[in-house]
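Novice: curious how this folds, go ahead:
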Amino acid sequence: MKMNYVRFGTGKKTMLLLPGLSLKPVCPSLDAIKQAYDLFARDYTVYLFDRREDIEEGYSLKQMALDTLKKVKELGLKDLYLYGVSQGGMIAQIMAIEEPSVIHKLALCSTCSRLKDTRVLEEWSRSALENDIPSLIENFAEKVYSPAFYKQYKEMIFSAYSDLSKQELRHFKILSEAIRDYDLSEMLQRVNIPTLVLGSRKDQIIPVEEMEETAFAQLEFEARGQIDWWTFGRLQGEETLPEAVKRCMLKLIELLDKQQKVMLVDAVDEDGNVVAGLMAHQSNDGVSSTYNVITGNMAVRVIQSQLDSTIKMYLQGVRDSLGRKVLYRGLYPGE
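Specialist: Prediction:
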């Protein structure tokens, strides 16, 4: 297996970057990569993996994830801060399902658990198959970059990709086609890793609603976990469970929304680390923004306690199909 990677930074923690779909391998652009992620170089040893080179038709996203995990093990990496962008985020989600033990925290940018509209990908694949390099570059760049960036750097982008080889076109076509059958929507509840989801409402490939689906799956997992804990699993398989989960998710969203208003001066220490509260950010050009939140330990404890109180209050009036009360914890002093 030939999978190239680059490494930089001197930190004790390990970050793995999985880039999105690209017309050419990313690793040769090491200087640009180091400049873009220089912020992490002090605290992290940063790795960036390209996709496997020797691939055949039908190469799937799951195979990409398994190959990436194989490379992770070859290099002896563990406790990863895993950051996946676009297709890289899809691979990261599969990795989190297949081998959660190697991942410490997960960040997903401009990605989703399933992509319902694949017409853009089909256009790219057709242009690559027909060797129509100008159309492919134009269509790809217009969708991937912001209008302002594309307008400013259009000539540079065309110059960088105008010499695409047949092998690179074939490689791009196989990778883009792998997304068509991708669907993790029924499996995301298996991801029990702290996760940050980033996206933009102006993304032209992945609708923000599909990015949000990933975040909502995490909320549902949290709500179900809390309900199981309070009831010793007595609601599993009961008709009342979906309503209980929905109520808990809505409460969690409400709490997150309130915590989002925490002043950043109270949430970030002098080194820029998030220590409490939650943070939302939107770039100056309005193209990229976080629609989810970064959580700190203090904020998590606040949300947890309030969520516990809400679940407990709601479940006190819930009975299972045999008429038995389902709330066991907290009914008596000392429990």
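
Novice: can you show me the strands along the protein?
Specialist: For the chain, the strands defined by DSSP state E cover 5-8, 13-18, 44-49, 80-85, 103-109, 195-198, 278-279, 294-295.

Novice: now the angle between strand 80-85 and the fifth one, please.
Specialist: If you take axes from the mean of the first three to the mean of the last three Cα atoms, to 10 degrees, strand 103-109 sits at 10 degrees to strand 80-85.

Novice: now distance to residue 142 too, for the strands of the chain, in a markdown table please.
Specialist: No exception for glycine: its C-beta is placed from N, CA and C like everyone else's. Shown next, in a markdown table, are those (distance: least, Cβ to Cβ, whole Å):
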| stretch | distance to residue 142 |
| --- | --- |
| strand 5-8 | 28 |
| strand 13-18 | 23 |
| strand 44-49 | 25 |
| strand 80-85 | 18 |
| strand 103-109 | 20 |
| strand 195-198 | 21 |
| strand 278-279 | 31 |
| strand 294-295 | 31 |
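
Novice: adding mean neighbour count and mean pLDDT, write the ones you listed out as TSV.
Specialist: Formatted as TSV, the strands of the chain follow (neighbours: other Cβ atoms under 10 Å; pLDDT from 0 to 100):
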stretch	mean neighbour count	mean pLDDT
strand 5-8	15	95
strand 13-18	23	95
strand 44-49	21	95
strand 80-85	23	94
strand 103-109	21	89
strand 195-198	21	77
strand 278-279	20	34
strand 294-295	19	34
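
Novice: what's the closest of the ones you listed to residue 134?
Specialist: strand 80-85 (25.4 Å; Cβ to Cβ).

Novice: could you check the pLDDT of residue 224?
Specialist: According to the prediction, residue 224 has pLDDT 67.

Novice: next one: phi and psi at residue 182?
Specialist: According to degrees, to the nearest 10, the main-chain angles of residue 182 amount to phi -80, psi 130.

Novice: against residue 109, how distant is it?
Specialist: For residue 182, the distance to residue 109 under the criterion Cβ to Cβ, to the nearest Å works out to 17 Å.

Novice: do the same with residue 205
Specialist: Separation of residue 205 from residue 109 (Cβ to Cβ) stands at 12 Å.

Novice: next, show the common contact partners of those two.
Specialist: Common neighbours of residue 205 and residue 109 are listed as residue 86 (criterion: Cβ atoms under 8 Å, 6 or more residues apart in numbering).

Novice: list the contacts of the nearest residue to residue 17 once chain neighbours are set aside.
Specialist: Once its chain neighbours are removed from consideration, residue 17 has its nearest residue in residue 48; the separation is 4.3 Å (Cβ to Cβ, 6 or more residues apart in numbering). Contacts here follow Cβ under 8 Å, 6+ apart; on that basis residue 48 touches 5, 6, 7, 16, 17, 18, 19, 26, 27, 33.

Novice: for these, which one is nearest residue 74?
Specialist: Among the contacts of residue 48, residue 5 lies closest to residue 74 (Cβ to Cβ), at 10.0 Å.

Novice: which residues does the closest one form beta bridges with?
Specialist: In this structure, residue 5 has the following beta-bridge partners (DSSP bridges): residue 49.

Novice: list the residues that contact it.
Specialist: Shown in contact with residue 5 (Cβ under 8 Å, 6+ apart): 27, 47, 48, 49, 50, 71, 75.

Novice: again, 10 Å this time
Specialist: 16, 17, 26, 27, 47, 48, 49, 50, 68, 71, 72, 75 (Cβ atoms under 10 Å, 6 or more residues apart in numbering).

Novice: now these as CSV including distance to residue 196?
Specialist: As requested, these are exported to CSV (distance: Cβ to Cβ, whole Å):
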residue, distance to residue 196
16, 15
17, 14
26, 22
27, 25
47, 19
48, 18
49, 20
50, 24
68, 19
71, 23
72, 20
75, 24
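
Novice: tell me which of these is nearest to residue 153?
Specialist: Set against residue 153, the nearest of the contacts of residue 5 by Cβ to Cβ is residue 26 (16.9 Å).

Novice: what sits against residue 74?
Specialist: Shown here is residue 74, whose contacts under the criterion Cβ under 10 Å, 6+ apart are 1, 3.

Novice: try it again at 8 Å.
Specialist: Contacts of residue 74 were listed using Cβ under 8 Å, 6+ apart, and none were found.

Novice: which pLDDT value goes with it?
Specialist: The predicted local confidence for residue 74 comes out at a pLDDT of 96.

Novice: do the same with the one 5 residues further on
Specialist: Residue-level confidence at residue 79 comes out at 94, pLDDT.

Novice: against residue 101, how distant is it?
Specialist: 9 Å.

Novice: who has more neighbours out of these two?
Specialist: Set side by side, residue 79 and residue 101 show unequal neighbour counts under other Cβ atoms under 10 Å, the larger going to residue 79 at 11 against 8.
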